[in-house]
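J.: I would like the atomic coordinates for the input below:
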Amino acid sequence: MKETLFISALVVTVILLVPAAYLVILAVASVIRRTVKVRSQAPVDVTRIAVVIPAHNEQALLPAALRSLEAARCEGVEVGVFVIADNCTDATAAIAREAGATVAERHGIEEGRGKPFALRWFFDRYQEELAGFDLIALLDADSVVEQPFFREVCAAMVDPDVEVAQAYYGASNVDASWRAALSEVALSVSHHLRALGRNAIGSTAGLKGNGMVFRSERLLRDGWKAESLVEDLEQSIVLLEEGIRVRYLPGAVVRGEMASSAGAAEAQRRRWEGGRADLLRRYVPRLLRLLLKPDHRAAAADTLLDLVTPPLVGYTSLLAVSGLVNFAVGYYDLALALCIGCLYMALVTVQAMLMVGASRACWVALAKMPLFVLWKIGFYLRLLRDRLRGPRDGGGNGAGGGWNRTPRDAEGVVTAAKVWEGLTKPVSRLHALRRTRFWRTQIRVTEPTKRILDVVVSLGALIALSPLFAVTALAIWLEDRGPIFFRQNRVGLNGRHFAMWKFRSMYRDAEARKAALAEQNQHAVAVTFKMKNDPRITRVGRVIRKFSIDELPQLINVLRGEMALIGPRPPVPAEVAKYRSIELRRLRVKPGLSCLWQIAGRADIDFAGQVKLDLEYIHSAHLMNDLIILAKTVPAVLAARGAY
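T.: Got it, this is the predicted structure:
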């Protein structure tokens, strides 16, 4: 009996250590790999790259993606951007059009729900528009590309043997939380070290869902075939069956937002695990059949091992638990072998972090690994419980991990209030009542104290800054002998109009010349108007606008009670006329001199970002938040970032 138990434990231990051995082989191969030399050839033609971005309600993050693509353009590359607005209920399509992208709007889910079906729909209908491009790159809407992206892609695709390539897909928000930093650690292993190793042993690097590059003729001919929740893994296997191996491009870097909260991480992980389980069921038999073909044997074995290897943290935890069990029952040799397996996984992780140059936040986040392990164990227990119970509510997002959209960090508190994720969805009366009561309580608690703070600070500032007021007034008058102050009608609390005061920083005919400059508006959504090097600004105006001196007369508005020190900036009536219901929520509080977007980038933040940050401030109204924003306003003004 004891011998049978030992043999069983030995078999289980050997099976558990197979993925560890596989990862160690890839780690060694990634170091001793030979550099792929690309044939040099004269650039006789411009390489045309179509960047396709599937997007579902991504107005908060899409502008950053589009800006990064613009910044990454290089000589010899012509880039065309296509945005698939997939069942969007926000301003995603409008933002894309304003940025010059071609927008394909998909409505309904007859073909299926989610990214793979949106891609299939797009490639079926936009063959003619894509026919003139040499390459097609697929990016997520929450991504940014780093500067050499297009140059690295073009250099790799010069090799005619490379039909599909994969950029390094890392995390853009490692500083958001320890959870996001640990995601970057995991990606350095799975997306960099393993991809390098797999290419080095002659296999496919695999697709990672973001930063994928295809030769256009192949993608237009064959279309997008994957349809599972892990469409990148499925498409990799489909390509392998056709004899195509993905080339990894470590120099081309794409970074996307990783889940930084437990709720977002669980939603994302459920989708991945549900998709992976379905993929194992459907494709393991097909990969086993590929093992019988000599030309595909090595790549098929590698892909099979890659598919069955669990996520790094979960796998290392499994080795540790199994080692403890073996130690407890007296199988010390097996426990030692499993302990060595854990050690190797730690070394592989450190190697990957060194290879990608992991930031300090990633190294510090390793201290949180025990918490993450406990969360991961709890997640798998909940997943197992839900699978045993079966799908709920007709499936979809139950235990099987149906398609759902991962909440974005950039949406913050607004996401919890269902603002960005479904503007047309009615809010239940109970939920609305709870929010209203909470809101009124917050107003009662903070408003009297805020008013006292506004009066004391504004009065003291007017007295202390009076010499600066005098110097500024004299400089404005000496330049063109025009008015010193500019008085403009603005919209305040609950839509009430008031006269807002500023030092005049523009020529006297500035408002009349504004219409002629409308096409140069640098904000994607033309509700607000901002442009660098505005010709209407005077010489003195450039100085006082840079340090926000022109806004100081609004301390008088604060003293009169028309404005507050902290609050959303007051819009002009013409802007309010263009507001949708979501933007009108900015008028629920008294406007202010400064708010979140003034300390986060000022005019560099587009209108969608301004609204998001203003709503985040409104939904987290608290006196302490006001004091923090007030303290950060002075250094933000002195730094002059985003001021023009």
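
J.: let me know the pLDDT of residue 159.
T.: Looking at residue 159, its pLDDT reads 87.

J.: no no, residue 177
T.: On the pLDDT scale, residue 177 gets 86.

J.: then residue 132?
T.: For residue 132, the model assigns a pLDDT of 89.

J.: residue 409 now?
T.: Looking at residue 409, the pLDDT reads 52.

J.: shouldn't residue 47 be in contact with residue 134?
T.: Yes. Between residue 47 and residue 134 there is a contact at 5.3 Å, judged by Cβ atoms under 8 Å. The C-beta positions use only the backbone N, C-alpha and C, and glycine is treated the same way.

J.: which neighbours do these two share?
T.: Counting by Cβ atoms under 8 Å, 6 or more residues apart in numbering, the residues touching both residue 47 and residue 134 are residue 157.

J.: where along the stretch 251-400 of the chain do the helices fall?
T.: With helices called from DSSP state H, counting those that start in this stretch, the stretch 251-400 of the chain shows them at 262-290, 297-308, 312-328, 332-356, 360-365, 369-389.

J.: out of those helices, which is closest to residue 6?
T.: Of all the helices of the stretch 251-400 of the chain, it is helix 332-356 that lies closest to residue 6, at 8.4 Å by Cβ to Cβ.

J.: so for the closest one, what's the average pLDDT?
T.: pLDDT averaged over helix 332-356 gives 92.

J.: re earlier: looking at the helices of the stretch 251-400 of the chain, which is nearest to residue 594?
T.: helix 360-365 (28.0 Å).

J.: off-centre distance for the closest one?
T.: 19 Å (Cα atoms, centre = their mean, to the nearest Å).

J.: buried stuff in it?
T.: 361-362, 365 (16 or more other Cβ atoms under 10 Å).

J.: can you list the helices of the stretch 251-400 of the chain in a markdown table and add distance to residue 231?
T.: As requested, the helices of the stretch 251-400 of the chain are exported to a markdown table (distance: least, Cβ to Cβ, whole Å):
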| stretch | distance to residue 231 |
| --- | --- |
| helix 262-290 | 8 |
| helix 297-308 | 14 |
| helix 312-328 | 22 |
| helix 332-356 | 25 |
| helix 360-365 | 27 |
| helix 369-389 | 21 |
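
J.: what about the closest residue to residue 549 other than its chain neighbours, neighbour count?
T.: Spatial nearest neighbour of residue 549, chain neighbours left out: residue 472 (5.8 Å); criterion: Cβ to Cβ, 6 or more residues apart in numbering. Residue 472 has 22 neighbours, counted by other Cβ atoms under 10 Å.

J.: same thing with residue 631?
T.: 10.

J.: ok, and what's touching stretch 449-463?
T.: 552, 555-556, 558-559, 561, 564-566, 623, 626, 630.

J.: are any of those residues buried, and which?
T.: 552, 555, 558-559, 564-566, 626, 630.

J.: so among these, where is pLDDT lowest?
T.: Among those, residue 626 has the weakest pLDDT, 82.

J.: cross the contacts of stretch 449-463 against helices and list the overlap.
T.: 555-556, 558-559, 623, 626, 630 (DSSP state H).

J.: name the residues of stretch 472-491 that are buried.
T.: Buried, per 16+ other Cβ under 10 Å, within stretch 472-491: 472, 475-476, 486, 490-491.

J.: widest-spaced pair of the buried ones among the contacts of stretch 449-463?
T.: So, the buried ones among the contacts of stretch 449-463 by Cβ to Cβ: farthest apart are 552 and 626, at 18.7 Å.

J.: thinking again about what came up before, which of the helices of the stretch 251-400 of the chain sits closest to residue 198?
T.: Closest approach to residue 198 among the helices of the stretch 251-400 of the chain (Cβ to Cβ): helix 297-308, 5.9 Å.

J.: show me where the chain dips below the pLDDT cut-off.
T.: Counting by pLDDT under 70, the chain contains low-confidence ranges at 1, 33-45, 109-112, 390-447, 515, 518-532, 581, 601-604, 620-621, 640-644.

J.: would you map out the domains in it?
T.: 46-262+281-309, 429-639 (automatic domain parsing).

J.: could you tell me how far the longest one lies from the centre of the chain?
T.: With Cα atoms, centre = their mean as the basis, domain 46-262+281-309 stands 15 Å off its chain's centre.

J.: before we move on, the earlier item: export the domains of the chain to a markdown table and tack on distance to residue 336?
T.: Shown next, in a markdown table, are those (distance: least, Cβ to Cβ, whole Å):
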| stretch | distance to residue 336 |
| --- | --- |
| domain 46-262+281-309 | 22 |
| domain 429-639 | 52 |
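
J.: for residue 375, find the nearest of those domains.
T.: Nearest of these (Cβ to Cβ): domain 46-262+281-309, 6.5 Å.

J.: surely residue 241 meets residue 290?
T.: Yes. Contact criterion Cβ under 8 Å: residue 241 and residue 290 qualify, at 6.8 Å.

J.: between the two, what contacts are shared?
T.: Residues touching both residue 241 and residue 290 (Cβ under 8 Å, 6+ apart): residue 296.

J.: who's more crowded, those two?
T.: Between residue 241 and residue 290, residue 290 has the larger neighbour count (other Cβ under 10 Å), namely 20 against 17.

J.: from residue 260, how far off is the more buried one?
T.: Noted for residue 290: a distance of 38 Å to residue 260, by Cβ to Cβ, to the nearest Å.

J.: over to residue 203?
T.: 33 Å.

J.: look at these two and report which has more neighbours.
T.: Taking other Cβ under 10 Å, residue 203 and residue 260 do not tie; residue 203 has more neighbours (24 against 21).

J.: CA-only coordinates of the helix or strand encompassing residue 249 in CSV, if you can.
T.: According to DSSP states H and E, residue 249 maps onto strand 247-256. As requested, the backbone C-alpha atoms of strand 247-256 are provided in CSV (Å, rounded to 0.1, in the frame of the first residue of the first chain):
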residue,chain,number,x,y,z
ARG,A,247,8.3,36.0,-35.0
TYR,A,248,8.8,37.9,-31.7
LEU,A,249,9.9,41.5,-31.9
PRO,A,250,11.4,42.5,-28.6
GLY,A,251,12.3,46.0,-29.9
ALA,A,252,8.7,46.8,-30.8
VAL,A,253,6.9,47.7,-27.6
VAL,A,254,3.2,48.1,-26.9
ARG,A,255,1.9,48.8,-23.4
GLY,A,256,-1.7,48.4,-22.3
